[in-house]
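Student: sharing a model prediction with you, sequence too.
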Amino acid sequence: MASLPIEDQGLQLLQSETEYSSKDHTQIAMPINNSELQIHSNQPVRMAARESPDPPLEITYNNLLSGKTQNYRQPELPVVEECELPLIDLKELDLGDPDKKAACKKLIAEASGEWGFFQVINHGIPSQVLEIMRAEQVKLFKKPFEEKKTYKDLNFSPGSYRWGTPSATNVNQLSWSEAFHVPLSDVLASGPNIHNNTLSSTMEQFAGKVSELAKKLAGILAEEMGRKTGFFEEACLPSSCYIRLNRYPVCPVVIEHPQMLGIMPHTDSDFITVLQQDGIGGLQLVKDGNWIAVKPNPHALIINIGDLFQAWSNDVYKSVEHRVVANAEKERFSAAYFYCPSKETVIESDVYKSFSFGEFKKQVADDVQTFGRKIGLSRFLVPPGGDSSSLGGGGL
């Protein structure tokens, strides 16, 4: 069995957050009985499906959706009202007022510790860059599913396009979404392409701008802890980071399955994630034991702390579980930038055993294969009286 992507736990059961292998849905999809094949076998339907941008989620997971397999769903935490994330104006960092600059940095650190999520405005990324990225993303996802499945116009690694949850054995493991999860090295290596230069150059420009923002925020968070701020420039190179373009199609089964998810609950396996989302909503996160629905802000970017930063900060900053709920009426788009180190980078912590990023990703992939879910940092907790340096070597 090929290892599952680990960049996100959602499509991942397909994370977060890989790596670069994917499962063939035609080999592992839940079987469809003869009568269902008969229903879907006439020529007009096949033609329509061939031209549709939507992955065949409803057909592929028919047995799960119709209750022909075990559909156990664990009790859900209650969802509370829609809330706004802490909003931080980054222009305070550049105004030259040392008190305002210090206060802004403190807000970033506090939000990272209390929420694990926050929003930023005046972040320095031109609105035109974000608008063009969104337009190119929509154009890409509007291509027919069959074309996306074998997309070769850009030199993306095999398995970069993924959809649904290949390993799902029950409804609560389904993710109603599709994504291009692309190593930034693929984008940089694409080179001139007369047919897709706009998409490639747009992704490269987007990544360059967002990477600078992630590096700035990581440095501030390290500084607020009294740690080295230059580490991230050395460890988190473009070749080790990723862009993920997400689309959440309209979900027609929400009425029968009101708790259907676009992405399953997960934490991100990186230092920092920068997210650009549209105004549709659907992102939720856990705060004080409850699921919080995040109110979209079209003028802000969302920042969240990943597993590596939580370990590196000795749990000062929190990598928070989050998910996306499916929508019965509107599709949703988002673009995420994962700020990651090389696989060889070792994370040293007083709370967790030392581990390399590669070891962490492998453990996540193994757990998803075995248990159907990401276990994450708890795998690396130092037992009482234990030694956190059991893996030794390098690091922060």
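Tutor: Alright, I've got the coordinates.
Student: C-alpha from now on. contacts and neighbour counts both.
Tutor: Will do.
Student: enumerate the positions of stretch 104-122 that are buried.
Tutor: With burial defined by 16 or more other Cα atoms under 10 Å, the residues of stretch 104-122 counted as buried are 104-105, 107-121.
Student: repeat that for stretch 307-327.
Tutor: In terms of neighbour count (16+ other Cα under 10 Å), stretch 307-327 has its buried residues at 307-313, 315-327.
Student: repeat for stretch 225-234
Tutor: For stretch 225-234, a neighbour-count test (16+ other Cα under 10 Å) marks 229, 231, 232 as buried.
Student: nearest to residue 60, of these?
Tutor: When the buried residues of stretch 225-234 are ranked by distance to residue 60 (Cα to Cα), residue 232 comes first, at 41.8 Å.
Student: just the buried residues of stretch 225-234: which are in helices?
Tutor: Among the buried residues of stretch 225-234, the members found in helices (DSSP state H) are 231, 232.
Student: I'd like the buried residues of stretch 225-234 laid out as a markdown table, including pLDDT.
Tutor: What follows is those, written out as a markdown table (pLDDT from 0 to 100):
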| residue | pLDDT |
| --- | --- |
| 229 | 83 |
| 231 | 89 |
| 232 | 92 |
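Student: that older thread, which ones among the buried residues of stretch 307-327 map onto strands?
Tutor: Residues of the buried residues of stretch 307-327 located in strands (DSSP state E): 322, 323, 324, 325.
Student: can you give me phi and psi for the closest residue to the second one other than its chain neighbours?
Tutor: Going back to what we said before, that points to residue 323. Leaving out its chain neighbours, the residue that sits closest to residue 323 by Cα to Cα, 6 or more residues apart in numbering is residue 265, at 4.5 Å. Backbone torsions for residue 265, taken as degrees, to the nearest 10, come to phi -60, psi 140.
Student: look up how far residue 61 lies from residue 265.
Tutor: Here residue 265 is placed at a distance of 19 Å from residue 61 (Cα to Cα, to the nearest Å).
Student: what's the answer for residue 111, then?
Tutor: Residue 111 sits at a distance of 39 Å from residue 61 (criterion: Cα to Cα).
Student: remind me, longest helix of this structure?
Tutor: Longest helix in the chain by number of residues (criterion: DSSP H): helix 197-224.
Student: that one packs against which elements?
Tutor: Applying 3 or more Cα pairs under 8 Å, 6 or more residues apart in numbering; DSSP states H and E, we find helix 197-224 packed against helix 98-114, helix 127-141, helix 184-189, helix 231-235, strand 272-277, strand 332-339.
Student: if we can go back for a sec, closest one of the ones in strands among the buried residues of stretch 307-327 to residue 334?
Tutor: Nearest member of those to residue 334, counting by Cα to Cα, is residue 324, at 10.8 Å.
Student: the closest one contacts residue 283, correct?
Tutor: Yes - contact criterion Cα atoms under 8 Å: residue 324 and residue 283 qualify, at 4.5 Å.
Student: this protein: helices as residue ranges?
Tutor: 25-28, 34-39, 43-51, 57-60, 62-65, 98-114, 127-141, 145-149, 184-189, 197-224, 231-235, 307-312, 357-371.
Student: hey, which of these is tucked in deepest?
Tutor: Greatest average neighbour count among the helices of the chain goes to helix 307-312 (a mean of 24), per mean count of other Cα atoms under 10 Å.
Student: list of residues touching it?
Tutor: With Cα atoms under 8 Å, 6 or more residues apart in numbering as the test, helix 307-312 has contacts from 267-272, 316-319, 347-349, 351-352, 376-377, 396.
Student: just stretch 373-385 next, same as before
Tutor: Residues from elsewhere that reach stretch 373-385, judged by Cα under 8 Å, 6+ apart: 9, 13, 266, 307, 311, 350-355, 360, 363-365, 367-368, 388.
Student: which parts of it are buried?
Tutor: Buried residues in stretch 373-385, counted by 16+ other Cα under 10 Å: 373, 374, 375, 376, 377, 380, 381, 382.
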